[in-house]
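K.L.:
Only the shape, not the letters, is given here:
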C-alpha cells in the first residue's frame, strides 16, 4: 500500500491513530502487562476517536471505511501497544460476522457498542481436543423451546475474562457431519451458567487467554447467527479479514523495535565511533526493514482485494504465517543489537517478542496457513488424493 495513494479521509484516520498510539499507548505498554488487562476507559477513548471497527457498516453504527483503513489503524495502534491493537482486530472480525449474519436489531445493538468502545466481543471457536482442527467441535447446542442450551468448554480464548459477549461456535448436528454441523451464537458473558478461567501465558498478558465453560446456558433463538450448520463457513470468511490485520499488527510492533534500534545504534559508541558505522550492526537491521516492508505490502494487498470483492483467502493466509514469523525474527535481532541492555526487562523488545510469538500459534499455525494456501492453489481434491487431510 503506497501512502501517497491514501484518501484525505484515510490520512486523517492514520494521523489520529498514530497520535493516540504515541501519546496514550506507547508510554504504558509495559505497565499494562503488569496490570494484566486493558483499561476500559482506554477502550472508550479509542472508540470516541473512531479507532475501533472503522470498517463496519454505517447502518449498524460503524464508520463505513474500507478494509485498508482498518489496516492502517491497527498497524498504527500496534506500533504503540501490540495488545491494545487487539481491540481493533476483534471489532473488525466480530463486527463483520454480526453485520453479515445476525438479525438486524441484534447486529445494531452490539456493533454500535463495539464501535463506541463500550463493549468487547470475543470469539469462542477453539476447544481442548480440537486445536487446529476447528471443525471438530464437542460443545453442544441443544434445541429447546425458544432457543438452545449450550454445554461444554471453549479453550485458548483471548479476552475470555474481559469480553462482554462472545460469538460461540457449537455443534447442532451429528459429529460425523464435521464442519457442516456447526452453528454460531452470540452469547452475553453475563448469561447464567457461563464461567471463565485465565491461563498464565508467556506473553499478551494484557489481552489474556483462558477457557470459557458453558453449563446449561440458554441462548434465545434470535441470538443464532444465520441458519443451523452455517457457523463454520461464517468464521472462515471472517478469518480472511483478520489474518491480514494480524500481519499488520506484527508489522507495527516490529517497526517500533526497528525505529528504536536505529536510534540506539547512532548513539551507542564502541571503539571510538557510533556502532552504526559497522555493517555487522546495520545490515541485519536493513534486512529487517526490507522484510517488514514486504510484509506490509502483502497485507495491504490482501485488504485491497477484500475491498474489491476479489478472492483473497490465499493472500490472507500468507499474511498470517509470514507476519508473526518475520516480526519475531526482526524484534529478536533488535533485542540482540541492544546487547546487554536488550536483555533487560526495562526495554520493550522482550515484551514485543513474547506478545508476537503467541500469534505463531493462535488464530492458525504456520502449517495450517500453508495448507490453506496450497488448497487454494492446487485444489482440495488434489491434496486429499495426495494424502493431505
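P.N.:
Thanks, I have it. Owing to the predicted nature of the structure, the values given are computational and were not obtained by experimental measurement.
K.L.:
Domain-wise, how is this protein divided?
P.N.:
Listed domain ranges for the chain are 3-119, 123-229, 233-385 (source: automatic domain parsing).
K.L.:
Rebuild those domains as CSV, extending it with mean pLDDT and mean neighbour count.
P.N.:
Quick note: C-beta positions are derived from backbone N, CA and C, even for glycine. Formatted as CSV, the domains of the chain follow (pLDDT from 0 to 100; neighbours: other C-beta atoms under 10 Å):
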stretch, mean pLDDT, mean neighbour count
domain 3-119, 95, 20
domain 123-229, 92, 19
domain 233-385, 93, 19
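K.L.:
measure the residue nearest to residue 181 when sequence neighbours are not counted to residue 66 for me?
P.N.:
For residue 181, ignoring the flanking residues on the chain, the nearest one in space by C-beta to C-beta, 6 or more residues apart in numbering is residue 173 at 2.3 Å. Per C-beta to C-beta, to the nearest Å, residue 173 is found 36 Å from residue 66.
K.L.:
same thing with residue 129?
P.N.:
39 Å.
K.L.:
The stretch 251-389 of the chain: strands as residue ranges?
P.N.:
269-270, 273-274 (DSSP state E, counting those that start in this stretch).
K.L.:
Sheet partners, orientation included, of the last one?
P.N.:
Same thing as strand 273-274. strand 269-270 (antiparallel) (DSSP bridges).
K.L.:
Helix or strand: which one has residue 11?
P.N.:
Element membership for residue 11 (DSSP states H and E) is helix 8-20.
K.L.:
which strands and helices sit next to the lengthiest helix in the chain?
P.N.:
When the chain is parsed with DSSP state H, its longest helix is helix 231-267. If you count contacts as 3 or more C-beta pairs under 8 Å, 6 or more residues apart in numbering; DSSP states H and E, helix 231-267 packs onto helix 67-80, helix 86-101, strand 165-171, strand 182-188, strand 273-274, helix 279-308, helix 313-337, helix 349-357.
K.L.:
what about these, which gets the closest to residue 232?
P.N.:
Nearest of the helices and strands packed on helix 231-267 to residue 232, taken as C-beta to C-beta: strand 182-188 at 4.3 Å.
K.L.:
roughly how far out does the helix or strand following that closest one sit from the chain middle?
P.N.:
As assigned by DSSP H and E, the chain's next helix or strand after strand 182-188 is strand 194-196. Offset of strand 194-196 from its chain centre (C-alpha atoms, centre = their mean, to the nearest Å): 22 Å.
K.L.:
Give the pairing partners of strand 194-196; include direction for each.
P.N.:
strand 209-220 (antiparallel).
K.L.:
outside of the strand it pairs with, which residues touch it?
P.N.:
For strand 209-220, the external contacting residues (C-beta atoms under 8 Å, 6 or more residues apart in numbering) are 124, 128, 139, 141, 144, 146-158, 160-161, 166, 168, 185-187, 189, 191-199, 201, 358, 362.
K.L.:
before we move on, the earlier item: dump the residue contacts of the residue nearest to residue 181.
P.N.:
180, 181, 182, 228, 229.
K.L.:
Check which helix or strand residue 83 maps to.
P.N.:
Using DSSP H and E, residue 83 falls outside every helix and strand.
K.L.:
wait, isn't it in contact with residue 38?
P.N.:
Yes. The criterion here is C-beta atoms under 8 Å, and residue 83 meets it with residue 38 at 6.5 Å.
K.L.:
Mutual contacts of these two, please.
P.N.:
Taking C-beta under 8 Å, 6+ apart as the contact rule, residue 83 and residue 38 both touch 32, 206, 207.
K.L.:
Restricted to helices, list the residues you listed.
P.N.:
Among the shared contacts of residue 83 and residue 38, the subset assigned to helices under DSSP H consists of residue 32.
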